[in-house]
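A.B. asks: Provided below for reference: sequence and predicted model.
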Amino acid sequence: MELIIKKNPADLAKAAADFIAKRIKDVLKKQDRFTIALSGGSTPKALHELLAKPPYVDQIPWLQLHVFWGDERYVPIDDEQSNAGMAYDTLLGHVYTPEDQIHVWRTDLEPDVAAADYDRVLHDYFDDTNPTFDLVLLGMGDDGHTLSLFPGTEVVHEKTAWTKAYFLTQQNMYRLTLTAPLVNRSSCVAFLVAGPKKAEPLKEVLEGDYNPDKYPSQIIKPVDGDLVWLVDEKAAASLN
Ligand SMILES: O=C1O[C@H](COP(=O)(O)O)[C@@H](O)[C@H](O)[C@H]1O
């Protein structure tokens, strides 16, 4: 595991943009497509906005990107809570990745049907033996959740299914999520974490006892891939 600490959210976004641009460049020397899963929430917005402008927008071969999302809120794409909607506003609406290479969760379907549909898309896209995503970008909530794997939910312990839909009582909302067995088959997972509210959960996730029911981010450990935590100083403040 690699831990990269940056002074503030702006420096963090730049470090993440540099990391992503280099990763894409390196991977595309060996293959002709780069498959990325985006996250939602507030932290990736600054990163997306950086990627959408020079120098990054000119460095990244957007036509070779294939885009998925690690999780989604069960809302229409034009709802302000939509992870895909946020990514279109801040990044995908400004670059040239073909629409048929951008795979949004179908929140126009019933939640279980939407999860089954995403599962089918993923199984059509990946084979069952090789690594999956070239890069999964993740955030971590103030409660230690990642993807839509929230503390105390059964989905944290999912062993086989690649996608799940479930009703998250504390938010009174359905959530759609990739699961640990799929994400842990990725070539690289990078967490992006900023702000003082993340200090306590980050300490627990990285230095505390293993308790994924309380801190689901602990369940993310790529089997053969790289795990990188990009954090700002406020989020890192409690680390030893
Ligand atoms: O609900 C969600 O929150 C997490 C963390 O978001 P942040 O704003 O605290 O960075 C995010 O990773 C996830 O995709 C999203 O659905």
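C.D. replies: Here it is on my side, so go on.
A.B. asks: ok, and for stretch 60-73, which residues are buried?
C.D. replies: 60, 62, 64-73 (16 or more other CB atoms under 10 Å). From N, CA and C alone the C-beta is placed, and that goes for glycine too.
A.B. asks: swap in stretch 123-138?
C.D. replies: Residues of stretch 123-138 classed as buried: 126, 132-138 (neighbour count, 16+ other CB under 10 Å).
A.B. asks: I'd like the average pLDDT over stretch 90-104.
C.D. replies: Across stretch 90-104, the average pLDDT comes to 98.
A.B. asks: any bit of that stretch sitting next to the ligand?
C.D. replies: No - Stretch 90-104 lies out of reach of the ligand by CB under 6 Å from any ligand atom, never closer than 12.9 Å.
A.B. asks: List the contacts of that stretch.
C.D. replies: Residues from elsewhere that reach stretch 90-104 (CB atoms under 8 Å, 6 or more residues apart in numbering): 44-45, 48-49, 51-53, 57, 60, 62-63, 65-69, 72, 77, 84, 118, 121, 125.
A.B. asks: Just the ones in helices from the residues you listed, please.
C.D. replies: Members of the contacts of stretch 90-104 lying in helices (criterion: DSSP state H): 44-45, 48-49, 51, 57, 84, 118, 121, 125.
A.B. asks: Whichever of those residues end up buried, select them in PyMOL.
C.D. replies: To isolate the buried ones among the ones in helices among the contacts of stretch 90-104 in PyMOL, judged by 16+ other CB under 10 Å, type:
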select buried, resi 44+45+48+51+84+118+121
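A.B. asks: Out of the ones in helices among the contacts of stretch 90-104, which is nearest to the ligand?
C.D. replies: Nearest to the ligand among those: P44, at 6.9 Å, using CB to the nearest ligand atom.
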